[in-house]
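Chemist: The following comprises the amino acid sequence and a computationally predicted model.
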Amino acid sequence: SATSLSPRPSFDISRRSSVLGAAAVGSASALRGLPPAVADSTTVFKDDFTGVQFAYPSDWLFESKTLDFSRTPVPIVANKDKVSTNAFLSTTSIRGDFGSLGSFGNPADVLVTLLPPPGTPGVTSEVVGSKSTGSTYEFDYILRFENGVNRHLRTAVGLTHASNGSDFLVTLTAQALESDYSASSAQIDAILKSLKL
């Protein structure tokens, strides 16, 4: 099935829990067997203006929120049983002379924009991995908070061109509490792999 920015049941995800470190990927030591299979049934979200789309499990919640870092609605999907396991898509208008991801630098240059700066009180980060797939830069990282609530995030960054000629930087971030990541990693991986620019 397809999803647009129509209202759905609401859930509460604070800005801090949904976007810290994301502007805008498992942990073998925590693995207690194979992660559950990704749901057979998926829903595709497609932004009609930019054409960007991604798929998510059909039993997840969908909400469109205008967050303080964005003037446009941000589609957010969340596991109905653990809304702390979620994903969101951010599109940011860019100048036309940024014709490729390389215009923003290499993956390491982009990664530093996702992480809290060194010395940020109450949070540190650990980079698990990063790669360039050609059309996207992909990042796997953990944010460790002083209060002990650690988040494992995966982010894909790419560019798209809207039908009206506008250019956009696209950021798809999926995340879970670090303690839940091994159980959620297959779904998170499937969400990131489904991104179409």
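Modeler: That came in fine, so what should we check first?
Chemist: Only C-alpha atoms from now on, for both contacts and neighbour counts.
Modeler: Will do.
Chemist: Tell me which residue is most central in the chain.
Modeler: residue 173 (0.7 Å; Cα atoms, centre = their mean).
Chemist: pLDDT score assigned to that residue?
Modeler: Model confidence at residue 173, given as pLDDT, is 98.
Chemist: For residue 147, see how far away it is.
Modeler: Computed as Cα to Cα, to the nearest Å, the residue 173 to residue 147 distance reads 22 Å.
Chemist: do residue 103 as well
Modeler: Residue 103 is 37 Å from residue 147, by Cα to Cα.
Chemist: What of residue 62?
Modeler: According to Cα to Cα, residue 62 stands 28 Å off from residue 147.
Chemist: Those two: which has the busier surroundings?
Modeler: Comparing residue 62 with residue 147 by other Cα atoms under 10 Å, the one with more neighbours is residue 62, at 28 against 8.
Chemist: I figured that one was touching residue 79, is that so?
Modeler: No. Between residue 62 and residue 79 there is no contact under Cα atoms under 8 Å: 9.2 Å.
Chemist: secondary structure element for residue 190?
Modeler: Element membership for residue 190, per DSSP states H and E: helix 181-193.
Chemist: just checking, what packs against that helix?
Modeler: Judged by 3 or more Cα pairs under 8 Å, 6 or more residues apart in numbering; DSSP states H and E, helix 181-193 is in contact with strand 53-57, strand 151-161, strand 167-177.
Chemist: could you dump these to JSON lines with distance to residue 73?
Modeler: Listed next are these as JSON lines, based on distance: least, Cα to Cα, whole Å:
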{"stretch": "strand 53-57", "distance to residue 73": "15"}
{"stretch": "strand 151-161", "distance to residue 73": "17"}
{"stretch": "strand 167-177", "distance to residue 73": "13"}
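Chemist: which stretch among these comes nearest residue 41?
Modeler: strand 53-57 (6.2 Å; Cα to Cα).
Chemist: CA atoms only: put that closest one into PDB for me.
Modeler: Provided in PDB are the C-alpha atoms of strand 53-57 (Å, rounded to 0.1, in the frame of the first residue of the first chain):
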ATOM      1  CA  GLN A  53      10.300   7.000  -1.400                       C
ATOM      2  CA  PHE A  54      11.000   4.400   1.200                       C
ATOM      3  CA  ALA A  55       9.200   1.300   2.500                       C
ATOM      4  CA  TYR A  56       8.500   0.400   6.100                       C
ATOM      5  CA  PRO A  57       6.600  -2.500   7.900                       C
END
